[in-house]
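A.B. asks: Show me the folded form of this:
(one chain, ligands or ions: 1)
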Amino acid sequence: MTALVTRELSVRLGHQNALAGIDLALESGRFTVVIGPNGAGKTTLLRSLAGLLSPTHGAVLLNDAPLSRLRGSERAKTIAYLAQSGSIAWPLPVRDVVALGRLPHEEKPDALSPVGREAVAGAIAAVGLKGFETRPATELSGGERARVLLARALATQAPVLLVDEPVASLDPRHELVVLEVLKAHAAAGALVVAIMHNLTLAARFADEIVLLDGGRLQAHAPPGEVFTEAQLAASFGIAAHITREAGGLVVVAERPLDPP
Ligand SMILES: Nc1ncnc2c1ncn2[C@@H]1O[C@H](COP(=O)(O)OP(=O)(O)OP(=O)(O)O)[C@@H](O)[C@H]1O
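C.D. replies: Residues are numbered from 1 along each chain as shown. Reported below is the predicted structural model:
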């Protein structure tokens, strides 16, 4: 059981309060999707949960201990973080880029343990990149590269996986493939948090939604409770039409509302 908790988490970036007084409790086995308008503080929250940003006030606790006290090597084994539109600088084969996810376990790409080899092969297969293993990662499309980086994060086998907009550059099939992978990863016992802008996919796949607006927590609840026309009008400034279909809620953003 893994628990990631924020207590009165506030983060100031430049002259901005990017996050203010966030109290949040996340646990293993759940797929949480963070939504909110541009600038709401979603990336700031994810980076704080990963221990990459220090709170200005408050704390992030991993299993009741302040994240700031965890040694870097231990944190890298425990929390896999995938940044928004990450880039790949070196023309390494796909398999080696994914194998970099084993570095926290002190396994180099050319000296993987049997567990490491299985984790790398499993991650490549999970994101639909079988057959790409020997291709230089710099010669892939944007969506293929995004999946390589997700596979690298999965190969870490960390109990906490934090991903910033994992489906932003993906085609509809691979959006579904990746969201199924994240959901299954959570169902298998990981604590998974993803930032997303597609509200229908968020509603369909998330166990719980965290809604941020203006650096504040507006809601943390199952999709059916967060996706209401009133809530979307208040937080996103849109008139939305929400219907319940067999596959889950369908959220259609119909028009922007005039600013209040
Ligand atoms: N390095 C920085 N210095 C100063 N302000 C920053 C910095 N990074 C982000 N901000 C500000 O902090 C706020 C939160 O930014 P953040 O990136 O967390 O938003 P977000 O919800 O992830 O947005 P988006 O949907 O556009 O990715 C924004 O108002 C942003 O302008």
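A.B. asks: List the residues that contact A153.
C.D. replies: For A153, the contact set (Cβ atoms under 8 Å, 6 or more residues apart in numbering) comprises A80, Y81, L82, G101, L161, V163. Placement of C-beta: from N, CA and C, glycine included.
A.B. asks: element containing it?
C.D. replies: helix 142-155 (DSSP states H and E).
A.B. asks: Toward the C-terminus, what is the element adjacent to that helix?
C.D. replies: Counting by DSSP H and E, the next helix or strand C-terminal to helix 142-155 is strand 160-164.
A.B. asks: hmm, back to that, same question for the helix holding A153, mean pLDDT?
C.D. replies: Here helix 142-155 scores 92 as its mean pLDDT.
A.B. asks: Now do that helix: distance to the chain's middle.
C.D. replies: A distance of 12 Å separates the centroid of the chain from that of helix 142-155, by Cα atoms, centre = their mean, to the nearest Å.
A.B. asks: Tell me which residues of that helix come out buried.
C.D. replies: E144, R145, A146, R147, V148, L149, L150, A151, R152, A153, L154, A155 (16 or more other Cβ atoms under 10 Å).
A.B. asks: The ligand: which of the residues you listed is nearest?
C.D. replies: Distances from the ligand to the buried residues of helix 142-155, taken as Cβ to the nearest ligand atom, are shortest for A146 (15.2 Å).
A.B. asks: Who's the closest spatial neighbour of that closest one, skipping the chain neighbours?
C.D. replies: Of all residues not flanking A146 in the chain, S169 sits nearest, at 5.1 Å (Cβ to Cβ, 6 or more residues apart in numbering).
A.B. asks: can you pull out the helices in the stretch 151-260 of the chain?
C.D. replies: Using DSSP state H, counting those that start in this stretch, the helices of the stretch 151-260 of the chain run over residues 172-187, 199-205, 223-226, 229-236.
A.B. asks: what's the neighbour count on R102?
C.D. replies: 23 (other Cβ atoms under 10 Å).
A.B. asks: Quick one: name the residues of the stretch 1-150 of the chain near the ligand.
C.D. replies: L13, G14, Q16, A18, G36, N38, G39, A40, G41, K42, T43, T44 (Cβ under 6 Å from any ligand atom).
A.B. asks: For these, name the two members farthest from one another.
C.D. replies: Across these, the longest distance by Cβ to Cβ is 19.1 Å; it joins G14 and G36.
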